[in-house]
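Q: Sequence first, predicted coordinates after that:
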Amino acid sequence: MTANLAANLIDYQSAPVPVREDLVAAQRRAWARLAAPGTWWDGATRVALAAETRQALSCRYCADRKDALSPYALDGTHDSVTDLPPVLVDVIHRVRTDASRLTERFYLDALAGGLTDAEYVETIGVLATVIAIDSFADALGVARPSLPEPQAGEPTGDRPVGAKPGLAWVPTLAPEDMTDAEAGMYDGMAAMNIHRALSLVPAEVVGFFDLDAVCYLPDAVLRDFGTEYRDLTHAQIEFLAARVSAINQCVY
């Protein structure tokens, strides 16, 4: 399947309300990117990550573990729909179903299980993209888009040489430590911590915030309170964001 065919899986003609064309275009770009080889995962693996992201919501082990006092109180096996390694399935399912109880132990266990720090970051980038698009479809009451067919090709393997530990569990890249290879990664952004979270894999920063800027607001106008750029006001957008964050127990 070509990138154009993958992108065309995103279509809201049956939605009960009109959907902005820029939203559709951004989601199509994200879906095409999902199917393509990434930095550390090939296209087939990236699509498998997306399939497990969806599967996690119906995993019985995940449900039982979330109800437990501690996520480490139960042993079990995930209801998986792919042949991804168990450590990768566990990362996907826990991030998707029990993110508020993740600790550094969880991350270190993933590394001990065979994931690299950069593979972990790319996985989180894929999850975040899929969750955003699925949540949008759910809110509209329409079917989630079909997952695209993977595109052939090899991952690039590009790791920022200036990425450093200290800001988060994973190494991150500050603007002053960027090289020509990462030029443009923070274009249009203030390079705040949230922008740096995926910076060990620069392509995920660019891709995710391309989608984020359309779903939310571009960074450059975020604090322009004298102009309203959406049908919702700044205050209404932030109220919704705060409410969703509280429901998801997001402490950011």
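A: Nice, thanks for sending it over.
Q: ok, Asn150 - contacts?
A: Not Asn; residue 150 is Pro. 1, 35, 42-44, 46-47 (Cβ atoms under 8 Å, 6 or more residues apart in numbering). C-beta: built from backbone N, CA, C; applies to glycine.
Q: rerun at 7 Å
A: With contact taken as Cβ atoms under 7 Å, 6 or more residues apart in numbering, Pro150 is in contact with 35, 43-44, 47.
Q: ditto for Leu111
A: Asp117.
Q: Quick check: closest non-adjacent residue to Ala99.
A: Asn248 (7.0 Å; Cβ to Cβ, 6 or more residues apart in numbering).
Q: Can you say which two of the contacts of Pro150 are spatially most distant?
A: Ala35 and Ala44 (9.2 Å; Cβ to Cβ).
Q: buried residues in the top helix by length along the chain?
A: In the chain, with assignment by DSSP state H, the single longest helix is helix 117-140. Neighbour-count burial for helix 117-140, counted by 16 or more other Cβ atoms under 10 Å, picks out 117-134, 136-137.
Q: any low-confidence regions in the stretch 151-252 of the chain?
A: Low-confidence segments of the stretch 151-252 of the chain (pLDDT under 70): 252.
Q: all helices of it, in order?
A: 193-196, 202-215, 234-247 (DSSP state H, counting those that start in this stretch).
Q: most packed of those helices?
A: The highest average neighbour count among the helices of the stretch 151-252 of the chain, using mean count of other Cβ atoms under 10 Å, belongs to helix 202-215 at a mean of 20.
Q: tell me what it is packed against?
A: On a contact count with 3 or more Cβ pairs under 7 Å, 6 or more residues apart in numbering; DSSP states H and E, helix 202-215 meets helix 21-35, helix 117-140.
Q: Make CSV from these and add mean pLDDT to it.
A: CSV is the format used below for the helices and strands packed on helix 202-215 (pLDDT from 0 to 100):
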stretch, mean pLDDT
helix 21-35, 97
helix 117-140, 97
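Q: And the most centrally placed residue in the chain, how far from Leu49?
A: Most central in the chain under Cα atoms, centre = their mean is Ala128, positioned 1.7 Å from the mean C-alpha point. Distance of Ala128 to Leu49, given as Cβ to Cβ, to the nearest Å: 11 Å.
Q: Could you do Gln249 as well?
A: In terms of Cβ to Cβ, Gln249 sits 23 Å off from Leu49.
Q: The two: which has the busier surroundings?
A: The residue with more neighbours, out of Gln249 and Leu49, is Leu49; 26 against 10, by other Cβ atoms under 10 Å.
Q: In contact with Ser146, which residues?
A: Ser146 neighbours (Cβ under 7 Å, 6+ apart): Leu9.
Q: Oops, could you answer that again for Thr53 instead?
A: Thr53 neighbours (Cβ under 7 Å, 6+ apart): 92, 96, 127, 130-131.
Q: which residues does the closest residue in space to Arg60 that isn't next to it in sequence contact?
A: Counting by Cβ to Cβ, 6+ apart, Asp79 is the residue found nearest to Arg60 once chain neighbours are left out, at 5.9 Å. Counting by Cβ under 7 Å, 6+ apart, Asp79 touches 55, 58-61.
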